[in-house]
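Undergrad: Requesting a structural model of the entry that follows:
(2 chains)
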Amino acid sequence: MSNDRDSEPTISSNVEEDCPCRDGMKPHVELSRRGLLMSAVAASASGVMSATAMAADKTKAPPGAALYDVPDDPTKVMGRGVHEDGGYGTRSQFETEVREKEDRPLDATSWTYTPLAATIGNLTPSGLHFERHHGGIPTIDPSRHDLYLHGLVDVAKKFTMADIKSLPSITRRYFIECSGNTLFEWQKPTGKNVQFTHGLLSTSEWTGVPFAALARQVGLKENAAWVLAEGADAAVMTRSIPLDKLMSDALIAYGQNGEALRPEQGYPLRLILPGYEGNTQIKWLRRLQVSNRPFQTHEETAAYTDLMKDGRSKQFTLQMDPKSVITFPSGEMMLPKAGFYLISGIAWTGRGRVNAVDISLDGGKSWAPARLDTVPEPNCTVRFSYPWHWDGKPAVLQSRCIDDAGNVQPTRTDLIKVRGLHSVYHYNAIQSWAVAADGSVSNVHV
Amino acid sequence: MSMFKSLCAVILLGIAPMSAQADPTGIDVGTPMSADDLNAFFAIEVDGTGLPHGKGTAATGKEIYAERCAHCHGENLEGSKELGGPRLIGGRGSLTTDKPLKTVESYWPHVSTLYDYMWRTMPFDQPGSLSPDDVYALAAYILSAGKIIDDKTEMNEKTLPKVVMPNANAFFDASGTTIDLYNVQPVAPKK
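TA: Okay, here's the model as predicted:
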């Protein structure tokens, strides 16, 4: 198993390695504080503006930002003019969170994690959307990219990007979760923080054409039942999708969060299958072949199948089960003192909408309902919160998701009872964060 | 002609000719695919549909493997942790143990997947550069090294789909409801 690197990622040194210790309530808060402290010290020593001290300390802008001088008093100097950014904005130079990379032999087959503890609200910024690639990120000129739709159809056709964009589109918010999300947690607590335990999850507003609209342009044969979706990357990624799913809510998407898809998210076309495992939502989509049976591709046989205790393997476990995680407080954070904290987190399900989220402060012995901060939508994440007065004693914080189909997120004990320890994918057990008496937060199994 | 009749005529002319793929909303986009368009793609199905004409044996496959594959998958198909090429043989009987070893030999249920995947993506640094004969030969080499076929059997579009993989019957369609999670016995309330 450990040798099958592409399909069965092993626990890498990146996950095991000690990250730099992060005290403070939230990692990014701590970093900003240190920056402020250092600039203040420098300013008093040299008598010059603190901004130059900071710039000397950090001469490079964080990814996605541009570095500007910081005046002591922004009301006493003229600010910069419009369009200095070239016409496409950047984030603040004080925002430093990035996708963290999994350490793998080849970056072209690696993945990155969304920094969930730093995201605000419900949508993931496009530049922080997690990635998983199997043959790198292709560079595709949309004027030369066509979508082919053939197989069990009346008239096989190809569609240019202009053809697709000429059709009526719909726009919806959906999460995408890799079915390998949280896979290092089957055996023992491994991820040190929520970015590594749950960061293969992101939410975007997607815009595209329903598959059904394209299907009407070619006509489906009576025996059509499965559709092969194929990407235009070096992996020529293929998955078989049930026709029922495509006809119910699949999107041929070209838009993400108000602009074109990011290259690493499938530019110029991606198949969006609400609630399905991320691997099926084929990026760089170039072809759809209609058949009467699944194609048994590599990604639905050798990989993305779930090995059970009896040696059999589940295939086509396509829907993502109810899941949730507390993002504050979470692993590697430090609560400075006893007192009030607003617990916050994210819940999601690929089987409908989130109906409720429960919080436990005692490792699952008792539960109370959390507040839902966003309106539950089908196959979309929900932000939840729960006011907590920490008495300074050790506590184990948990959340559990209940969806409107009645599915309940299981405990780890229940999950491994039925799945064993080797199914790799679809780990959706309740996550436990232990808060120690000194305020440090860590990943534990209870 | 009355106003009503001429109006009807205009509406009728505006409707596209009815065909099997007529869209009730009146939209008609896309260009019919040509034979050349179709030839640019492939997907090999379980019964061998889509396999190209060609042939190869384990002896030829061994030579191609040494040149194009061993770098990542190891000289003896044992895989390489450093380069990320997975192990290709071994692991039979390991799937129910504490250390399941998933390889082509021990895990892959369909031989068609082996052909499709190699032809599609291999070698990793030159994807899509293997000829149909190369892929038949490599399939023959990997299958014979895994003792699924003997080392003399030629692989071609007729013989390959007949190969039965050792783990062929171990997969089941689990789409839909996750019934297993409903079979968990309720835990007695803690006192």
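Undergrad: what residue ranges in the chain are flagged as low confidence?
TA: Using chain A here. Per-residue confidence of chain A (counting by pLDDT under 70) places the weak regions at A:1-58.
Undergrad: hmm, I had chain B in mind actually
TA: Counting by pLDDT under 70, chain B has low-confidence residues at B:1-22, B:183-191.
Undergrad: what ranges do the helices span in it?
TA: Remark: helices assigned in chain B by DSSP state H are B:3-14, B:35-39, B:58-68, B:70-73, B:111-121, B:132-145.
Undergrad: Over to the stretch 1-150 of chain A?
TA: Listed in chain order, the helices of the stretch 1-150 of chain A (DSSP state H, counting those that start in this stretch) span A:13-16, A:27-46, A:50-57.
Undergrad: same question, the stretch 301-446 of chain A
TA: In the stretch 301-446 of chain A, the helices defined using DSSP H, counting those that start in this stretch lie at A:412-419.
Undergrad: Show me where it has its strands.
TA: Remark: strands assigned in the stretch 301-446 of chain A by DSSP state E, counting those that start in this stretch are A:306-307, A:313-315, A:323-328, A:339-348, A:354-360, A:368-369, A:371-372, A:382-390, A:395-403, A:432-435, A:441-444.
Undergrad: Nearest to A:Asn223, out of these?
TA: Evaluated over the strands of the stretch 301-446 of chain A, closeness to A:Asn223 peaks at strand A:313-315, with 21.2 Å, by C-beta to C-beta. (Glycine included, C-beta is placed from N, CA and C.)
Undergrad: Not counting sequence-adjacent ones, nearest residue to the residue most central in space within chain B?
TA: In chain B, the centroid-proximal residue (C-alpha atoms, centre = their mean) is B:Thr113; its distance is 4.0 Å. Distances taken as C-beta to C-beta, 6 or more residues apart in numbering or on different chains place A:Thr301 nearest to B:Thr113, at 5.1 Å, with adjacent residues excluded.
Undergrad: To what extent is A:Thr75 buried, counted in neighbours?
TA: A:Thr75 is flanked by 6 other residues according to other C-beta atoms under 10 Å in any protein chain shown.
Undergrad: Find the one among the strands of the stretch 301-446 of chain A with the highest mean neighbour count.
TA: Comparing these on average neighbours per residue, with mean count of other C-beta atoms under 10 Å in any protein chain shown, the densest one is strand A:323-328 at a mean of 26.
Undergrad: what separates that strand from the chain centre, distance-wise?
TA: Relative to its chain's centre, strand A:323-328 lies at 13 Å (C-alpha atoms, centre = their mean, to the nearest Å).
Undergrad: Between strand A:395-403 and that strand, find me the angle.
TA: Following axes from the mean of the first three to the mean of the last three C-alpha atoms, to 10 degrees, one obtains 140 degrees for the angle between strand A:323-328 and strand A:395-403.
Undergrad: partners of strand A:323-328 in the sheet?
TA: In the sheet containing strand A:323-328, its partner strands are strand A:339-348 (antiparallel), by DSSP bridges.
Undergrad: Can you get me the centre-to-centre distance for the partner strand and its chain?
TA: 18 Å.
Undergrad: Within range of chain B, give me the residues from the stretch 51-200 of chain A.
TA: A:104-106, A:109, A:134-135, A:148-150, A:153-160, A:163-164, A:166-168 (C-beta under 8 Å from any C-beta of the partner chain).
Undergrad: buried subset of these?
TA: Buried residues within those, defined by neighbour count using 16 or more other C-beta atoms under 10 Å in any protein chain shown: A:104-106, A:109, A:134-135, A:148-150, A:153, A:156-160, A:163-164, A:167.
Undergrad: Show me which residues of the stretch 201-350 of chain A are close to chain B?
TA: On the criterion C-beta under 8 Å from any C-beta, chain B has as its neighbours in the stretch 201-350 of chain A the residues A:213-214, A:216-219, A:228, A:230, A:234-236, A:238, A:242, A:287, A:289, A:291, A:293, A:295-298, A:301-302, A:305-307, A:309-319, A:321.
Undergrad: Report the buried members of those.
TA: For these, buried by 16+ other C-beta under 10 Å: A:213-214, A:216-219, A:228, A:230, A:234-236, A:238, A:242, A:287, A:289, A:291, A:295-298, A:301-302, A:305-307, A:311-319, A:321.
Undergrad: For the residue nearest to A:Gly345 when sequence neighbours are not counted, which residues are in contact?
TA: What sits nearest to A:Gly345 in space, not counting adjacent residues and going by C-beta to C-beta, 6+ apart, is A:Ile326, at 4.0 Å. By C-beta atoms under 8 Å, 6 or more residues apart in numbering or on different chains, the contact set of A:Ile326 is A:194, A:343-345, A:359, A:397-399, A:431, A:433.
Undergrad: what's the farthest-apart pair in these?
TA: A:Val194 and A:Ile359 (15.6 Å).
Undergrad: show me the contacts for A:Ala368.
TA: Contacts were defined as C-beta under 8 Å, 6+ apart; by that measure A:Ala368 touches A:358-360, A:386.
Undergrad: So which residues of the stretch 151-300 of chain A form helices?
TA: In order along the chain, the stretch 151-300 of chain A carries the following helices (DSSP H, counting those that start in this stretch): A:161-165, A:194-198, A:211-218, A:243-249.
Undergrad: could you redo those helices as JSON lines and give each row distance to B:Asp125?
TA: Shown next, in JSON lines, are these (distance: least, C-beta to C-beta, whole Å):
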{"stretch": "helix A:161-165", "distance to B:Asp125": "30"}
{"stretch": "helix A:194-198", "distance to B:Asp125": "29"}
{"stretch": "helix A:211-218", "distance to B:Asp125": "34"}
{"stretch": "helix A:243-249", "distance to B:Asp125": "34"}
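Undergrad: just those: most buried one?
TA: Compared across the helices of the stretch 151-300 of chain A, helix A:194-198 shows the largest average neighbour count, a mean of 27 (mean count of other C-beta under 10 Å).
Undergrad: so how far is chain B from A:Ile137?
TA: Noted for A:Ile137: a distance of 14 Å to chain B, by C-beta to the nearest C-beta, to the nearest Å.
Undergrad: burial count for that residue?
TA: With neighbours defined by other C-beta under 10 Å, the count for A:Ile137 comes to 19.
Undergrad: so A:Ser344 bridges to which residues?
TA: As for beta bridges, A:Ser344 partners with A:Phe328, A:Ser385 under DSSP bridges.
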